[in-house]
Every structure is written in C-alpha cells, then in structure tokens.
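Asks: Need coordinates for the below:
(one chain, ligands or ions: 1)
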Amino acid sequence: REVRVGVIGVGLMGADHVARLASRIKGARVSVVTDYLREKAQEMADGVPGCRVVDTAEELIAAKDVDAVLIASPGTFHRDQAIACIAARKPVLCEKPLAMNPEDAYAVVQAEAEAQKATGRRFVSVGFMRRFDAEYAELKDAIDSGELGQVSVINCKHRNATTHPGFVDSMMVYDSAVHEIDAIHYFLDEAITEVQAVLPLPGPRAAEGQHDPMLLLLRTSSGRIVTDELYVNTDSGYEVRTEVLGSAGIATIGMGITRVTTQMAGGTWGGTVPFDYRPRFAAAYDAEVQAWITAVLDGSNIALRSATAWDGYLAAATCEAAEQALTTPGFVPVTARPRP
Ligand code: ISE
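Replies: Numbers count the residues shown, from 1 in each chain. Purely as a prediction, here's the structure:
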C-alpha cells in the first residue's frame, strides 16, 4: 500500500516536501496539492505523475484520493486546517508552528483529544524537524547519559541569511525562535517557566519595527537558563548552533558549516555555509517525513520521535510569553493550560 499525501501550500517549504515525497520517501506519493496561487500549484502538480490540483485546503482534506495531509501553508491557517484533518480522520503533519497563538494551538489539542476518545487514535504531528536531526539526537543522548554532567546553561544561535518582507518580531518568535523553544523541551524534558527579551540596537537590515538581532533568555522549571540569539538578516548564510554548558563537558553542535577548508590562499581559513534551512536540515526533514509515512502505514499515525499537538501547544504558550517580553521589562511567566 502507499499513502496518498495531499500537500497544502507549495511555497518554499511545501515545494521542498513535494520534491521529497515524490523522490525520496518510500510508501507515499503526492496525489493532490493546493496553493492560494493556483498557477504555482498547477506547475508543481505538472511535475508529479498522478498529482492533481484543487482550489482550497478544504477540498484537499475531503478528497477521496488523499489519505494523509501535509500542511505547509502560512502559520495563521494551521489551526483550522489541522482541525479539519482531525474531523476528516486524516493523519496530518503540520509544519511548525502549530498556531500563531496558544489559544489556536490548544483548540487543535482539544480537537485531537476528542477524536482520540472516539477513535482511539491521534492524528497530529508537528514539524519540529530538528528532533530528527542526527546532531540533535547525539546532543540529547549526551545530556540524558550524564556525560556532560549537570547542565546549567544552553546557548542557542539561530541565524538566517534573510527573511521575507513582513517578518516582524512576532514572526521571529513564532516562526524562528519556536525551534529553540521546542528544542529545549526535547533536550531537557522540562517546562519553560519564564522568558525575557533583550533587544539590541537593530542591525542595518532589520525591517521597520523589527528587532533583529533579538536575544531571548528562557528559564526552565529546574532553573536552567537558555539563551537564544536570533539574527535573521545576516545576509551571509544559515547557521543554527547549540552549545550546552555542563559541569563535566561543553558540547557544541550544528555549526551549520557544511565544509571547512583550511590553508586557503593567503593563509586564511573558511568554509561554505548553506543558504537556508532546506539544505542544512535536508536529512532531518527526510527522516521526519519518512517516519511520519511509516507511522501512517502502520496505523499509529505519529512517529515516536515526532512532536505532538501538545508539544505544539507548549511551544505556542512559550512564544506568547516571549512576545509579551518584547514590550515588558524583566521575565514574563509562561502560562500553560492543563493537558486534556
Ligand atoms: C523557517 O520557517 C524555518 O522553520 C527555519 O528552520 C527557521 O530557521 C527560519 O527562521 C523560519 O523562518
């Protein structure tokens, strides 16, 4: 059997997923695509044998030739589209963020909890693909094994070469910092209790009203501090770095540098840095989508290592505190509702 996947949104990430599903993922094919730019969807479908276009996400989710849905639309649409997939009892891999505010994310958690009562199954995976990154898995093992000793501080660097127009502070939080927020939950298995934002002098490429770079300080329930340095207009390359300060060792991963060349002319050294997240995390995206398809084929719907709707909600609740911290001095508490 193969899973017929419908892809909602064929922008940067959606197009990358269509290519991955059409060429590298075993047990699946893309049967239907949709995008608000119909011609873009048609162009994508024309390149995938047996793939057709529909006008709306609702049509795609209801389509008889769609067994599972990959949501790669803008985050503001994720809530309604994920809830529609749950109502249609179709497994869904929703690109991060699950929603652009905690209330919408919690609505997805509740809808899935009701469906799970009725069917005994869950349906929602959230696309925090770093959980499938080999370096992240290795770092988590080093933390969990005690090899690094007591971890007190984690320093994160999240650098993009550029972002699209309109990528304001709330997008830096909900669309970029959200990866580090989920990574903290993944690495430390504990809640984030409060967030502080420190806003340096904006860089020359920061958009009007955008605080880029942006520094976030996040405190966890055991008292650890995570720093997240976001810089989304470096105009150079894509670099995601995590450094864990332990009492027995300091580990750094994700140099994001695909190759370091030494002894270059003039005695300097350097390397190449991928332009954006698709080449840097290609293997993680492949592993994430393959694990999702395998889970759909075996009926479990959600891969063991995948982020769940609850992880998506916790990330959104923390993002809300981070967003409030942008205009509130000091630490802002994270408030999370009980898990249903
Ligand atoms: C983008 O949506 C991603 O998910 C990338 O991983 C992140 O680095 C980038 O800042 C986001 O805009």
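
Asks: Next, find the distance separating the residue most central in space within the chain from the ligand.
Replies: The centroid of the chain falls nearest to residue 128 when counting by CA atoms, centre = their mean (3.5 Å). Per CB to the nearest ligand atom, to the nearest Å, residue 128 is found 9 Å from the ligand. C-beta: built from backbone N, CA, C; applies to glycine.

Asks: Same question for residue 99.
Replies: 14 Å.

Asks: And the pLDDT for the residue nearest to the centre of the chain?
Replies: Listed pLDDT for residue 128 reads 98.

Asks: Residue 274 now?
Replies: 78.

Asks: Residues contacting stretch 196-216, please?
Replies: 162, 165-169, 172-173, 177, 180, 195, 217-218, 227-233, 235, 322, 325-326, 330-332 (CB atoms under 8 Å, 6 or more residues apart in numbering).

Asks: does any bit of that stretch sit next to the ligand?
Replies: No. Stretch 196-216 lies out of reach of the ligand by CB under 6 Å from any ligand atom, never closer than 10.9 Å.

Asks: Please give me every residue in contact with residue 174.
Replies: Neighbours of residue 174 in contact, by CB under 8 Å, 6+ apart: 75, 97, 100, 316, 319, 323.

Asks: Distance of the second one relative to residue 70?
Replies: Here the distance between residue 97 and residue 70 works out to 15 Å (CB to CB, to the nearest Å).

Asks: what's around whichever residue of the stretch 101-250 of the chain sits closest to the ligand, how many residues?
Replies: At 3.5 Å from the ligand, residue 176 is the closest residue in the stretch 101-250 of the chain, using CB to the nearest ligand atom. By the criterion of other CB atoms under 10 Å, residue 176 has 25 neighbours.

Asks: likewise residue 299?
Replies: Residue 299: 8 neighbours (other CB under 10 Å).

Asks: Could I get the phi/psi values of it?
Replies: When read as degrees, to the nearest 10, the backbone of residue 299 gives phi 90, psi -10.

Asks: Turn the contacts of residue 174 into TSV, columns for distance to residue 59 and pLDDT.
Replies: Converted to TSV, these look like this (distance: CB to CB, whole Å; pLDDT from 0 to 100):
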residue	distance to residue 59	pLDDT
75	21	96
97	24	97
100	24	96
316	27	98
319	31	98
323	33	98
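
Asks: In helices, which of these appear?
Replies: 316, 319, 323 (DSSP state H).

Asks: just those residues that are near the ligand?
Replies: Among the ones in helices among the contacts of residue 174, not one lies near the ligand by CB under 6 Å from any ligand atom.

Asks: out of those residues, which is most surrounded?
Replies: residue 316 (28 neighbours).

Asks: Distance of that one relative to the ligand?
Replies: Distance, residue 316 to the ligand, by CB to the nearest ligand atom: 15 Å.

Asks: Go ahead and confirm that residue touches residue 101.
Replies: Yes. Counting by CB atoms under 8 Å, residue 101 is a contact partner of residue 316 at 6.3 Å.

Asks: Which parts of the stretch 1-150 of the chain are helices?
Replies: Counting by DSSP state H, counting those that start in this stretch, one finds helices in the stretch 1-150 of the chain at the ranges 12-23, 38-46, 57-62, 78-87, 102-119, 134-144.

Asks: ok, and what's touching stretch 151-158?
Replies: In contact with stretch 151-158 (CB under 8 Å, 6+ apart) are residues 143, 176-177, 179-180, 183-184, 187-188, 223-232, 239-247.

Asks: buried residues in it?
Replies: 151, 154, 155, 156, 157, 158 (16 or more other CB atoms under 10 Å).

Asks: Averaged pLDDT, it. What do you get?
Replies: 96.

Asks: With stretch 237-245 instead?
Replies: 90.

Asks: next one: stretch 219-226
Replies: The average of the pLDDT scores along stretch 219-226 is 98.

Asks: Quote the end-to-end distance of stretch 181-198.
Replies: Stretch 181-198 has its terminal residues 16 Å apart, counting by CA to CA, to the nearest Å.

Asks: Near the ligand, which residues of the chain? Just list them.
Replies: Of all the residues in the chain, those lying near the ligand are 160, 175, 176, 179, 232, 277, going by CB under 6 Å from any ligand atom.

Asks: ok, now with 5 Å
Replies: 160, 175, 176, 277 (CB under 5 Å from any ligand atom).

Asks: Most widely separated two among those residues?
Replies: 175 and 277 (11.0 Å; CB to CB).

Asks: Those two: which is more packed in?
Replies: Comparing residue 175 with residue 277 by other CB under 10 Å, the one with more neighbours is residue 277, at 22 against 19.

Asks: Grab the nearest non-local neighbour of the residue in the stretch 1-150 of the chain that the ligand sits nearest to.
Replies: In the stretch 1-150 of the chain, the residue that lies nearest the ligand is residue 96 (6.1 Å; CB to the nearest ligand atom). Excluding the flanking residues, the one nearest residue 96 by CB to CB, 6 or more residues apart in numbering is residue 127, at 5.0 Å.
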